[in-house]
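[1] the following comprises the amino acid sequence and a computationally predicted model.
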Amino acid sequence: MTPEALWERYSAIWSTPEAARAAELAACLADEATYCDPNGLVEGRGALSAYMGGFQENAPGCSFRIKSVLDHNGRTLSNWSMVGPDGAVLQDGTSFALLAEDGRLQAITGFFYG
């Protein structure tokens, strides 16, 4: 999967129903993946799925749109926008990740701004 396709697929999981999240997370995240943002550190796909469920409760109908992707040497960076149900941009941010040897996301760090 290209870095662009990986970030697109991963970002879509944030608005995916719980029943479908586990399979998508397994496709995009390494077995021992971590996620960190200003709210704290989440370890493992199950914990990240629960965190994503909380996002969906707190921001109903919101989703993420990838604006650009950079990558090299097992590292990747995406610039994104969080959009509301009407398509309006609510927040921008950047996420950085280290890739596992198999190309899945291993350690993700999200930064919010705007």
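    Everything's here; your move. Being a predicted model, the structure only gives us computed values, none of them experimental.

[2] need phi/psi at the closest residue to residue 18 other than its chain neighbours.
    Among residues not flanking residue 18 along the chain, residue 53 sits closest, at 5.8 Å (Cβ to Cβ, 6 or more residues apart in numbering). Heads up, the C-betas are built off the backbone N, CA and C, glycines and all. Taking degrees, to the nearest 10, you get phi -60, psi -40 for the backbone angles of residue 53.

[3] neighbours around residue 53, how many?
    By other Cβ atoms under 10 Å, the residues close to residue 53 number 13.

[4] same question, the one 3 residues further on
    Other residues within reach of residue 56 by the criterion other Cβ under 10 Å amount to 17.

[5] so what's it up against?
    14, 15, 62 (Cβ atoms under 8 Å, 6 or more residues apart in numbering).

[6] can you redo those residues as TSV with secondary structure, neighbour count and distance to residue 39?
    As requested, those are exported to TSV (DSSP: H, G, I helix; E, B strand; the rest coil; neighbours: other Cβ atoms under 10 Å; distance: Cβ to Cβ, whole Å):
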residue	secondary structure	neighbour count	distance to residue 39
14	coil	18	14
15	coil	16	18
62	coil	16	16
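
[7] which of these sits closest to residue 5?
    Proximity of the contacts of residue 56 to residue 5 (Cβ to Cβ) peaks at residue 14, which lies at 16.0 Å.

[8] can you give me the helices in this structure?
    3-13, 18-28, 45-58 (DSSP state H).

[9] list the buried residues of the second one.
    In other words, helix 18-28. 21, 24, 25, 28 (16 or more other Cβ atoms under 10 Å).

[10] just checking, what packs against it?
    On a contact count with 3 or more Cβ pairs under 8 Å, 6 or more residues apart in numbering; DSSP states H and E, helix 18-28 meets helix 3-13, helix 45-58.

[11] and the last one, how far from the chain's centre?
    The chain centre lies 11 Å from the centre of helix 45-58; the measure is Cα atoms, centre = their mean, to the nearest Å.

[12] can you check the shortest one too?
    Shown here is helix 3-13, whose average C-alpha point lies 7 Å from the average C-alpha point of the whole chain (Cα atoms, centre = their mean).
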